[in-house]
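Student: Return a 3D structure for these sequence lines:
(2 chains)
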Amino acid sequence: GGIITQTPKFLIGQEGQKLTLKCQQNFNHDTMYWYRQDSGKGLRLIYYSITENDLQKGDLSEGYDASREKKSSFSLTVTSAQKNEMAVFLCASSIPGGWQNTLYFGAGTRLSVL
Amino acid sequence: QQKVQQSPESLIVPEGGMASLNCTSSDRNVDYFWWYRQHSGKSPKMLMSIFSNGEKEEGRFTVHLNKASLHTSLHIRDSQPSDSALYLCAALTGNTGKLIFGLGTTLQVQP
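Tutor: Here you go, the predicted model:
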């Protein structure tokens, strides 16, 4: 088995601040994802990466940057935090392609912006 | 516009009852569907997957898929309070890796 580690668990930022969230996986999976979850509702795809150094935009990429420096890590940057923003950011990984694409999630980073 | 639509938004069933959840994709290129379950304060975990037309049963859980209408449904029989959770439907187009989730159905099972 493997594990996905997200850091930090909690992140409190100021309006306009640039904030970075990190994700590490030891599944040796090729594909990694960043999703945002608001108020316990559905997941919206921000960025995903099929392999090392690959980046693909999701439906919510505006206001975010991502970086896949190596196979095991995928980081997400909030380029300018919005006042009163509260959300959970979930990182996930999977084997790429078709029916094998089951996602394994980290525990999440909970963001609050003052 | 949400490409994966789930209904109902919330559902209350009595313990021992049947819960039925629906999911439809508006993307005609979708090939694969998953159902994930997320308990409060936890991360989503894959519950069931379905890729072919028809039905698949695992214990108290049954999923159906109609590929022509891109509609899948999840049915939970003999519902238990521990089934209370957010149920998320996810859809994948071919080998793109772009996995899109719906907004979810919140299920509450009342003892």
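Student: what residues are up against residue 53?
Tutor: Picked chain A for this. Shown in contact with A:N53 (CB atoms under 8 Å, 6 or more residues apart in numbering or on different chains): A:68-69. For the C-beta atoms, the positions are set from N, CA and C on the backbone; glycine is no exception.
Student: To clarify, I was referring to chain B.
Tutor: B:65-68.
Student: what do you get for B:I76?
Tutor: B:I76 touches B:18-21, B:60-61, B:83, B:107, counting by CB under 8 Å, 6+ apart.
Student: quick revisit: turn the contacts of B:N53 into JSON lines, including distance to chain A.
Tutor: JSON lines is the format used below for the contacts of B:N53 (distance: CB to the nearest CB, whole Å):
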{"residue": "B:L65", "distance to chain A": "13"}
{"residue": "B:N66", "distance to chain A": "18"}
{"residue": "B:K67", "distance to chain A": "14"}
{"residue": "B:A68", "distance to chain A": "19"}
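Student: who wins for neighbours among these?
Tutor: B:L65 (21 neighbours; other CB atoms under 10 Å in any protein chain shown).
Student: That one against B:L74, yeah?
Tutor: No: contact between B:L65 and B:L74 fails when scored by CB atoms under 8 Å: they sit 10.4 Å apart.
Student: residues in contact with A:G42?
Tutor: B:6, B:88, B:101-104.
Student: and chain A, which of those reach it?
Tutor: Of the residues in those, proximity to chain A by CB under 8 Å from any CB of the partner chain holds for B:6, B:88, B:101-104.
Student: Chain B against chain A: which residues are in contact?
Tutor: Selection of chain B residues close to chain A by CB under 8 Å from any CB yields B:6, B:31-32, B:34, B:36, B:40, B:43-46, B:49, B:51, B:86, B:88, B:90, B:92, B:94-95, B:97-104, B:106.
Student: Pull out the buried residues from those.
Tutor: B:6, B:31-32, B:34, B:36, B:43-44, B:46, B:49, B:86, B:88, B:90, B:92, B:97-104, B:106 (16 or more other CB atoms under 10 Å in any protein chain shown).
Student: Thank you kindly, that will do.
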